[in-house]
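J.: Everything below, folded, please.
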Amino acid sequence: MIKQQLDLVLTEIPSEVTLIAVSKTKPIEDILVAYQAGQRHFGENKVQEMVQKAAALPKDIQWHMIGHLQRNKVKYMASFVHMIHGVDSLQLLIEINKQAQKVNRVQDVLLQFHIAQEETKFGLNWEEAAQLIDSDTFNDLQHVRICGVMGMASFTKDQQLIKDEFLSLKQIFDQLKTAYFQNLAYFKEISMGMSGDYQLAIEQGSTMVRVGSKIFGSR
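T.: Numbers count the residues shown, from 1 in each chain. Next up, the predicted model:
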């Protein structure tokens with residue numbers, strides 16, 4: 001079933017959009033099925049689980065940290081994580097930079113923005129992001145690279161609300177690109193859209209969708 005579901009999702013996603021198969025809580029056997037079907041980008045929301053899976057699975061997998069990240073956990077994945085989606089503070093960026101420097105690499109990250117109605121979701125607003133990027137501290141960080149933005153829409157059946165929230169993230173991306181990253185080709189990612197709303201997200205400009213249950217089945 002996993003291969004069929006993966007193939008189905010891929011038919012609905014343009015080739016320029018990256019599919020991140022969200023494999024959190026799923027066993028290694030399930031991830032291998034998707035891997036053998038050609039999938040290479042996988043998303044996890046717990047560092048310890050990702051570290052264990054990375055050790056047991058093929059090394060050409062590109063791991064995405066998509067959950068809320070605590071600073072004291074960064075060191076465990078610094079040597080291999082492909083992209084960190086949920087950066088929502090300068091303090092976290094400083095720690096990511098510190099750990100990436102130790103393993104002599106530049107870590108790709110996305111700034112997470114709060115676009116949903118729910119207060120429980122994490123993320124920056126425009127003023128906080130601008131303050132972060134404008135800071136002397138940020139300009140001194142040589143081992144992190146902001147490649148775009150990430151956001152999570154409200155958990156609702158209201159399609160218009162979800163569409164509006166995705167559109168707001170696209171507008172934030174455009175503003176950041178114009179103000180800070182105009183000539184930087186690597187600033188190009190908009191990570192938004194999950195199993196229930198990824199087609200809507202793509203319509204609003206998403207370049208990365210995080211799809212779990214639609215591929216692996218419900219948890």
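J.: What separation do you get for residue 67 and residue 196?
T.: To residue 196, residue 67 is 18 Å away according to Cβ to Cβ, to the nearest Å. Where C-beta positions appear, they are placed from N, C-alpha and C, glycine not excepted.
J.: cool, and residue 187?
T.: Residue 187 is 28 Å from residue 196, where distance means Cβ to Cβ.
J.: So for the two, which residue has more residues nearby?
T.: residue 187 (18 against 15; other Cβ atoms under 10 Å).
J.: Tell me which helix or strand the residue nearest to the more buried one when sequence neighbours are not counted sits in.
T.: Leaving out its chain neighbours, the residue that sits closest to residue 187 by Cβ to Cβ, 6 or more residues apart in numbering is residue 181, at 3.6 Å. Residue 181 is part of no helix or strand when elements are defined by DSSP states H and E.
J.: Torsion angles phi and psi at residue 181?
T.: Torsion angles at residue 181 (phi, psi; degrees, to the nearest 10) stand at phi -130, psi 30.
J.: For residue 175, see how far away it is.
T.: Counting by Cβ to Cβ - residue 181 and residue 175 are separated by 10 Å.
J.: And residue 50, by the same measure?
T.: Counting by Cβ to Cβ - residue 50 and residue 175 are separated by 31 Å.
J.: of the two, who's got more company?
T.: The residue with more neighbours, out of residue 50 and residue 175, is residue 50; 25 against 13, by other Cβ under 10 Å.
J.: can you map out the strands along the chain?
T.: Taking DSSP state E to define them, one finds strands in the chain at 18-22, 41-44, 62-65, 83-87, 107-113, 144-151, 189-191, 208-211.
J.: all helices of this protein, in order?
T.: For the chain, helices defined by DSSP state H occupy the ranges 2-11, 28-36, 47-56, 74-77, 90-102, 126-134, 136-139, 159-179, 198-203, 213-216.
J.: now the third one against helix 28-36, angle please.
T.: Just to be clear, that refers to helix 47-56. 60 degrees (axes from the mean of the first three to the mean of the last three Cα atoms, to 10 degrees).
J.: what packs against helix 47-56?
T.: helix 28-36, strand 41-44, strand 62-65, helix 74-77 (3 or more Cβ pairs under 8 Å, 6 or more residues apart in numbering; DSSP states H and E).
J.: can you list those in CSV and add distance to residue 87 and mean neighbour count?
T.: Output for those, formatted as CSV (distance: least, Cβ to Cβ, whole Å; neighbours: other Cβ atoms under 10 Å):
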stretch, distance to residue 87, mean neighbour count
helix 28-36, 25, 16
strand 41-44, 15, 24
strand 62-65, 10, 22
helix 74-77, 10, 18
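J.: To residue 161, which of the ones you listed lies closest?
T.: Minimum separation from residue 161 across the helices and strands packed on helix 47-56 (Cβ to Cβ) falls at strand 41-44, 24.1 Å.
J.: got the CA positions of that closest one in PDB?
T.: What follows is strand 41-44, C-alpha atoms only, in PDB (Å, rounded to 0.1, in the frame of the first residue of the first chain):
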ATOM      1  CA  HIS A  41      13.300  13.100   1.600                       C
ATOM      2  CA  PHE A  42      11.900  12.000   5.000                       C
ATOM      3  CA  GLY A  43      10.600  14.200   7.900                       C
ATOM      4  CA  GLU A  44      10.800  13.500  11.600                       C
END
